[in-house]
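> below are the sequence and a predicted model for it; my questions follow.
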Amino acid sequence: MKIAVPSEGNKISPHFGRCSQFTIIDVNDGGIINKEVIPNPGHTPGFLPKFLNEQGVDVVLVSGMGRRAKDLFDQMGIKVISGASGSVGECIESYLAGKLDSTDDFCEHDHNH
């Protein structure tokens with residue numbers, strides 16, 4: 001399974017599309033087998049879900065994102081967990097332990113999502 005986290009250094013970015021990078025974690029049998037940091041290729045509406053799908057991502061852990069991005073991830077079969085905060089490592093550990101529940105915190109307004 002691949003998990004993507006929009007990040008600023010080792011912290012979760014407060015806004016999915018405007019993060020500086022994505023931390024991509026490969027998980028197998030509950031353990032982390034690889035970690036990769038990819039610069040955000042750009043915030044064009046609809047682009048990032050497609051980009052992360054092409055990276056083979058199965059789950060996205062976010063603080064929040066726009067409704068359109070959430071809908072695109074849903075269409076691609078990528079699970080979105082919103083409401084994540086703190087360090088990337090802590091959020092990954094919480095998710096793998098089953099302790100990170102989605103808050104359904106998705107923007108309904110448009111500010112170039």
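Arrived safely, thanks for sending.
> got a pLDDT number for the residue of the chain positioned farthest from its centre?
Largest separation from the mean C-alpha position in the chain: D29, at 20.3 Å (Cα atoms, centre = their mean). Note on D29: pLDDT of 90.
> can you tell me how far it is from L96?
Look at D29 and L96: by Cβ to Cβ, to the nearest Å, they are 10 Å apart. Using the backbone N, CA and C atoms, a C-beta is placed for each residue, glycine as well.
> cool, and A4?
Counting by Cβ to Cβ - A4 and L96 are separated by 14 Å.
> ok, which stretches of the chain are strands?
Using DSSP state E, the strands found in the chain span residues 2-8, 11-12, 21-28, 31-39, 59-61, 65-66, 79-81, 106-107.
> what is the residue nearest the centre of the chain paired to in the beta sheet?
Centroid check for the chain by Cα atoms, centre = their mean gives V60 as the closest residue, at 3.1 Å. Beta-bridge pairing for V60 (DSSP bridges): A4, V80.
> what's the pLDDT at it?
97.
> got it, and the one 10 residues further on?
Taken from the predicted model, the pLDDT recorded for K70 is 91.
> give me the neighbour count for it.
24 (other Cβ atoms under 10 Å).
> any idea how far it is from E36?
24 Å.
> and for R18?
20 Å.
> with adjacent residues omitted, what lies nearest to K79?
Excluding the flanking residues, the one nearest K79 by Cβ to Cβ, 6 or more residues apart in numbering is V59, at 4.7 Å.
> show the contacting residues for the nearest residue to L52 once chain neighbours are set aside.
Nearest in space to L52, with sequence neighbours left out and distances taken as Cβ to Cβ, 6+ apart, is A4 at 5.2 Å. Residues in contact with A4 (Cβ atoms under 8 Å, 6 or more residues apart in numbering) are 22-25, 52, 55, 57, 59-61.
> okay, these in TSV with distance to V88 next?
Below are the contacts of A4 laid out as TSV (distance: Cβ to Cβ, whole Å):
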residue	distance to V88
F22	10
T23	5
I24	10
I25	8
L52	15
Q55	16
V57	14
V59	13
V60	12
L61	8
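> F73 touches P49, doesn't it?
Yes. Counting by Cβ atoms under 8 Å, F73 touches P49, with 5.0 Å between them.
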